[in-house]
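# Below is the sequence, then the predicted model.
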Amino acid sequence: MRQSKYFHILRPFLEVPLFTVKDAESKGIPRHALAYFVKIGVLERLYPGAYRSVDYEQKVAFPLEHVAWATTSIREGVICLISALCIYNLTDQVMREVWIAIPNRAYASKRPDSRIIRMRNIDLGKTEMMLGEYKVKIFDKERCVVDAFRYLSHEIAIKALRRYLRDKNHKPDLKKLQKYAKILRVKITPYLLAYTT
C-alpha cells in the first residue's frame, strides 16, 4: 500500500526526461522508494541523484542527451568550455566528456564522462537553451570565447574566436566580448584587432 502511494506520486515524473532525488523528495517520495523502483524496473538511474522512467523515449541525439543529463542533474551546473564550443560549432574538438561549470564554493559529485570546472562569476553570460526536451544552462558564445582564452589552449581559443567572428547566423557582439574579457581579466584586444581589421 505504501509503495502504491509512492507510485501514484511518482507518475508525473515518468513523463519528464529527467528528475532528481531532491525533486522526488519535495513531493514526498523517499530515496528508498526510488531505489525500489529502480530494482523492479520502473526507473533507471542516469547519474547519482538523477533518474527517469525506463520507458521514456528520448527526443535528442545521444551526445547532446548525455550533456543534458549531466548538466541538469547539477542544479547550479552550466555547460562550458569544450562542450559549449561544440554546441555552438566554435571548435573542431571532439566532446569526449561533458564540461560543466559550477560556482567556486559549490559541490557536485563526479558524473561519468564529465569534467567539473569551478569558476568565479558564474552568472556572467549564463543563459538557457533547449537540447531536445531538456532545458539547460549554458554560457553564451561571448563568454565561451573568453573562457577558451582562460582555460584552453591558445590554438583552440584562436579558432573559437575566428569562428565566432565569421558566424553568418549570429552577428558578433564585440562590445559584449570586450566587456566580458575586461571583467574576467583576459587580454583579447590584440586578437580582435588582428581578425577584424
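Sure thing, it's come through. Residues are numbered from 1 along each chain as shown.

# and stretch 54-69, how far apart are its ends?
End-to-end span of stretch 54-69 (C-alpha to C-alpha, to the nearest Å): 15 Å.

# I'd like the mean pLDDT over it, please.
Mean per-residue pLDDT for stretch 54-69: 74.

# What's the mean pLDDT across stretch 100-117?
Stretch 100-117 shows a mean pLDDT of 86.

# Correction: the previous question concerned stretch 166-183.
Stretch 166-183 comes out at a mean pLDDT of 92.

# What about the closest residue to Val21 other than its chain neighbours, how many residues nearby?
Leaving aside its sequence neighbours, Val21 sits nearest to Gly49 (C-beta to C-beta, 6 or more residues apart in numbering; 4.6 Å). Every residue, glycine included, has its C-beta placed from N, CA and C. The number of residues packed near Gly49 is 20, by other C-beta atoms under 10 Å.

# cool, and the one 5 residues further on?
Residues lying near Val54 (other C-beta under 10 Å) number 12.

# dump the residue contacts of it.
Val54 sits next to Gly41, Val42, Leu43, Glu44 when contact means C-beta atoms under 8 Å, 6 or more residues apart in numbering.

# which stretches of the chain form helices?
For the chain, the helices defined by DSSP state H occupy 2-10, 21-26, 31-39, 62-72, 81-87, 141-151, 154-166, 174-183, 189-196.

# quick revisit: top of the contacts of Val54 by number of neighbours, please.
Busiest of the contacts of Val54 [other C-beta under 10 Å] is Leu43, holding 24 neighbours.

# Identify the bridge partners of it.
Ser53 (DSSP bridges).

# hang on, it packs against Tyr51?
Yes: using C-beta atoms under 8 Å, Leu43 is in contact with Tyr51, at 4.8 Å.

# shared neighbours of those two, anything?
Joint contacts of Leu43 and Tyr51 (C-beta under 8 Å, 6+ apart) are Leu34, Phe37.

# Can you give the domain ranges for this protein?
The chain resolves into domains spanning 2-53, 62-196 when parsed by automatic domain parsing.

# distance between stretch 171-189 and the chain's centre?
22 Å (C-alpha atoms, centre = their mean, to the nearest Å).

# first to last residue in that stretch, what's the distance?
End-to-end distance (C-alpha to C-alpha), stretch 171-189: 18 Å.

# Just the buried positions in it, please.
Pro172, Leu177, Gln178, Tyr180, Ala181, Leu184, Val186, Ile188 (16 or more other C-beta atoms under 10 Å).
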